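Chemist: Sequence and predicted structure are below.
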Amino acid sequence: MRSRLVTVRNILSRAAAASVATLAVSLLLPAAPASAHGQLATSTPLTGTVVREPLPQLTLFFTEKPAANAHFAISGPNGSRVDNGWSFGEPKRLDKPVTEYFKVNGVFEPRLYHTGFPALVTVAHWPAKGRYTASYLSVASDGEAVRGDVTFDYQGPATAAPAGWSPPTAGPEPALLAQAEGEGSASAGATGGPADATGAPPSDPTGAAEEQRDGGFPAWLVPALIVVVVSAIVLVAARRRPATRGASTPSRRPAGAARKAGAPARKVATPAPRKPGNRSGGPARRGRR
């Protein structure tokens, strides 16, 4: 009984180790590529950097031209906004190309983007040193929302606000919010289609323009299912294995052990000696008179 308990414990520990290893490998596997386009490629300044001079504007480069009704805002250390409108800039070639994925016939196909399309966000003034956040919201040509933040530290001198200027309070337009939440669709003409360094739109594979949202499973669901299945298989095997060993062929006890236990030994019968002159085994013949 004790040996069976030890065996079950060993199997359960191996099952736990296998489950942990499976989960770790599943988490390390690359996730399915996102199908959204028009994402932020780079910015000036970069997120996480330190700015020591009062910049007149921030520049955000996207892989597509931002929507005409895109929303940009810059908040200072005290939470008040310091942005004063935005405008399109001249496209430039990116130092590092950006990879985006198009879903064609159910398969994600990578595509490199070498050109950045800038949005120039004007900074009205720099009220104080500290953390600044530039947020953006737009809609790409495939209808997906393009949103995010660029956060940096400002350690330069404070500047005064322009005469008659007041912090903006307006948020994104209702139409933009509807498109970003999936209640509307954005056309390529409204957002501006992607273009290469020469300004010509890249050749899209067949069906790439009819990109739709991916309705697949969440990324965490597959690793969880793998762990559950592996654990169930190992537990079933752990329950069956001791029973199988117990049903094996009975152990054979050596003859010596049986004799020591007092089991009687079999006697071998020896044939009776034959009497001389009796070949047939019957009574001997009498001699002739």
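Modeler: That came in fine, so what should we check first? Numbering: from 1, shown residues only.

Chemist: quick one, strands of the stretch 51-200 of the chain?
Modeler: Using DSSP state E, counting those that start in this stretch, the strands found in the stretch 51-200 of the chain span residues 57-62, 71-75, 83-88, 92-104, 107-123, 130-139, 145-154.

Chemist: now, of those strands, which is deepest in the fold?
Modeler: For the strands of the stretch 51-200 of the chain, the stretch with the most neighbours on average is strand 57-62, a mean of 22; neighbours defined as mean count of other C-beta atoms under 10 Å. All C-beta spots, glycine's among them, are computed from the backbone N, C-alpha and C.

Chemist: rank the strands of the stretch 51-200 of the chain by pLDDT, which is bottom?
Modeler: Comparing those by mean pLDDT, the weakest confidence falls on strand 92-104, with a mean of 87.

Chemist: for it, packing partners?
Modeler: In terms of contacts (3 or more C-beta pairs under 8 Å, 6 or more residues apart in numbering; DSSP states H and E), strand 92-104 is packed against strand 40-44, strand 107-123.

Chemist: Of those, which is nearest V82?
Modeler: Comparing those by their distance to V82 (C-beta to C-beta), the top pick is strand 107-123, with 5.7 Å.

Chemist: by contact count, what packs against the closest one?
Modeler: Against strand 107-123 (3+ C-beta pairs under 8 Å, 6+ apart) you get strand 40-44, strand 57-62, strand 71-75, strand 83-88, strand 92-104.

Chemist: rerun at 6 Å
Modeler: strand 57-62, strand 83-88, strand 92-104 (3 or more C-beta pairs under 6 Å, 6 or more residues apart in numbering; DSSP states H and E).

Chemist: Partner strands of the longest one and their direction?
Modeler: Here the strand partners of strand 92-104, with direction, are listed using DSSP bridges: strand 107-123 (antiparallel).

Chemist: May I have the partner strand as CSV, with CA atoms only?
Modeler: Once non-C-alpha atoms are left out, strand 107-123 reads as follows in CSV (Å, rounded to 0.1, in the frame of the first residue of the first chain):
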residue,chain,number,x,y,z
VAL,A,107,-4.0,33.6,-43.3
PHE,A,108,-2.0,36.5,-41.9
GLU,A,109,0.5,37.9,-44.4
PRO,A,110,3.2,40.3,-43.2
ARG,A,111,3.9,43.5,-45.0
LEU,A,112,6.6,46.1,-44.4
TYR,A,113,6.0,49.8,-44.2
HIS,A,114,8.9,52.1,-44.9
THR,A,115,7.0,55.4,-44.7
GLY,A,116,5.7,57.4,-41.8
PHE,A,117,2.8,59.8,-42.1
PRO,A,118,3.1,62.5,-39.4
ALA,A,119,0.6,64.3,-37.3
LEU,A,120,2.0,67.6,-36.0
VAL,A,121,0.5,68.4,-32.6
THR,A,122,1.2,72.0,-31.5
VAL,A,123,2.3,72.7,-27.9
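
Chemist: could you check the angle strand 83-88 makes with it?
Modeler: Here the directions of strand 107-123 and strand 83-88 differ by 130 degrees (axes from the mean of the first three to the mean of the last three C-alpha atoms, to 10 degrees).
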